[in-house]
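Enquirer: predicted model follows, preceded by the sequence.
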Amino acid sequence: MARAPASGGPPRRKRFGQHFLHDPGAIERIVAAVAPRAGDHLVEIGPGRGALTRQLLSSSGCTLDAIEIDRDLAAQLAAAFAGDARHALHVGDALEFDFTGLARLRGGRLRIVGNLPYNISTPLLFHLSAHADAIADAHVMLQREVVARLAARPGGADYGRLTVMLAPRFDIERLFELGPGAFQPAPRVWSAVARLTVLTPPRFAVGRYYAAVVQAAFAHRRKTLRNALARLMSGAEIAACGIDPGVRPGTLAPQQFNALALALDRARLSG
């Protein structure tokens, strides 16, 4: 039977952006939001000193895979995962982790849980999106401002590239906030917990140039769409999609960005 990780342990390493979750009340709220069920395949990203891991290991009938980049912390956690085939500790970078391969090994879609380091949160979310077919949902702790961007709507100040890029695959719900005191050491910012539920099938099938259109648009979000996308398509081509070339990128819904991407697909194929 898996043993609970010991508390304390190696010091924090700043290069990993470590802020260890330690507040029992916050941990209870997170586990309640995840609501593990028998047969679930849980994956914890960044278990750290194991405060949340203890609760996840006690989830009856679940598997738990934990991914930890800090070798010293992993060494401390290793005993908790020894001798139980349902649980495994993976020492490595979550940005390079093969979630699809793990889902195949476990025989089902994964449920991600994690206190994501602020310094890699956006690329890690994009990495999870790339493996969305292997994931059922994700409950993640992020900087409060990042969660605001995830859940933003067109026209708002928080709406941007991150929102639009994740929209095809995820339904995103902002659950609750966590103050700095929930972590050790306390960060200078507030955090929030978000639930990302994978949409199967996707909200819409993205065009080949979806990422390129979104990136170009929000690289110049204060410009008109005509000017922001000048290197990709003309104002007439934008208008042919039923979109006003004179609007700002932040006013477009994700489906409208996809309409532009599909038009670019067709233009490049015919050209």
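Expert: Great, that's in hand.
Enquirer: and for Ala38, the neighbour number?
Expert: When neighbours are counted by other Cβ atoms under 10 Å, Ala38 registers 8. The C-beta positions use only the backbone N, C-alpha and C, and glycine is treated the same way.
Enquirer: what do you get for Ala130?
Expert: So Ala130, with other Cβ under 10 Å, has 12 neighbours.
Enquirer: need the pLDDT of it.
Expert: At Ala130, the pLDDT value in this model is 96.
Enquirer: give me the helices and strands touching the biggest helix by length in the chain, please.
Expert: Using DSSP state H, we find that the single longest helix of the chain is helix 254-270. Contacts defined by 3 or more Cβ pairs under 8 Å, 6 or more residues apart in numbering; DSSP states H and E place helix 254-270 against helix 161-166, helix 210-219, helix 235-239.
Enquirer: helices and strands around the second one, which ones?
Expert: The elements that helix 210-219 packs onto, with contact taken as 3+ Cβ pairs under 8 Å, 6+ apart, are helix 161-166, helix 225-228, helix 254-270.
Enquirer: out of the ones you listed, indicate the one that is most buried.
Expert: Ranked by mean neighbour count, these are led by helix 161-166 with a mean of 22 (mean count of other Cβ atoms under 10 Å).
Enquirer: can you list contacts of the helix or strand following that one?
Expert: Next along the chain after helix 161-166, taking DSSP states H and E as the criterion, comes strand 170-178. Contacts with strand 170-178, where a contact means Cβ atoms under 8 Å, 6 or more residues apart in numbering, come from 23, 26, 29, 33, 129, 132, 139, 141, 144, 147-148, 150-151, 166, 190-199.
Enquirer: give me the subset of these lying in strands.
Expert: Under the assignment DSSP state E, those contribute 139, 141, 191-198 to strands.
Enquirer: now, which of those residues sits nearest Ser59?
Expert: His139 (13.0 Å; Cβ to Cβ).
Enquirer: can you report how many residues neighbour Gln215?
Expert: Neighbours of Gln215 (other Cβ under 10 Å): 12.
Enquirer: wait, doesn't it sit right on Val164?
Expert: No. Taking contacts as Cβ atoms under 8 Å, Gln215 lies outside contact range of Val164: 9.7 Å.
Enquirer: chain neighbours aside, what residue packs nearest to Phe183?
Expert: His19 (4.1 Å; Cβ to Cβ, 6 or more residues apart in numbering).
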